[in-house]
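Student: Got a sequence here, can you model it:
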Amino acid sequence: MTADGAAYHPILSFRGKAGQSVVLKVRRTEGAEPETVVVTPEEARPDDAFLEAMRASVKNHRKEWCKDRLHPHLVLCRPPISGAPRG
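Tutor: Purely as a prediction, here's the structure:
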């Protein structure tokens, strides 16, 4: 695998290239011809991305729990799991 013609590295191949196209050459199976994939990396702060993913997960989980209940505005629509922390 290469990134912009150089050996691929999961971090260094994208460092300083946020918002710019990076051309990857990948093989989907061993021995196959390389395919070209163009990606545009984004600058991200891992801690912020993790927090946002958790918030989205909780939001979706609440919808899943509450969507068929009489009072969908309630946060907890199912009985709490035994031993789970309360808060």
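Student: hey, where'd the helices end up in the protein?
Tutor: In the chain, the segments counted as helices under DSSP state H are 46-66.
Student: residue ranges of the strands in it, please?
Tutor: For the chain, the strands defined by DSSP state E occupy 2-3, 6-7, 22-26, 35-39.
Student: Kindly reformat these as CSV containing mean neighbour count, distance to residue 53 and mean pLDDT.
Tutor: Just so you know, the C-beta spots here come from the backbone N, C-alpha and C atoms, and that holds for glycine as well. Formatted as CSV, those follow (neighbours: other C-beta atoms under 10 Å; distance: least, C-beta to C-beta, whole Å; pLDDT from 0 to 100):
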stretch, mean neighbour count, distance to residue 53, mean pLDDT
strand 2-3, 17, 25, 95
strand 6-7, 9, 30, 96
strand 22-26, 14, 23, 95
strand 35-39, 10, 20, 95
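Student: Residue 57 is nearest to which of those?
Tutor: Proximity to residue 57 (C-beta to C-beta) singles out strand 35-39 among these, at 24.6 Å.
Student: before we move on, the earlier item: can you add distance to residue 48 and give the strands of the chain back as JSON lines?
Tutor: Output for the strands of the chain, formatted as JSON lines (distance: least, C-beta to C-beta, whole Å):
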{"stretch": "strand 2-3", "distance to residue 48": "25"}
{"stretch": "strand 6-7", "distance to residue 48": "29"}
{"stretch": "strand 22-26", "distance to residue 48": "22"}
{"stretch": "strand 35-39", "distance to residue 48": "21"}
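Student: Domain map for the protein?
Tutor: What the record gives for the chain is the domain set 2-39, 44-87, from automatic domain parsing.
Student: That concludes my questions; thank you for your assistance.
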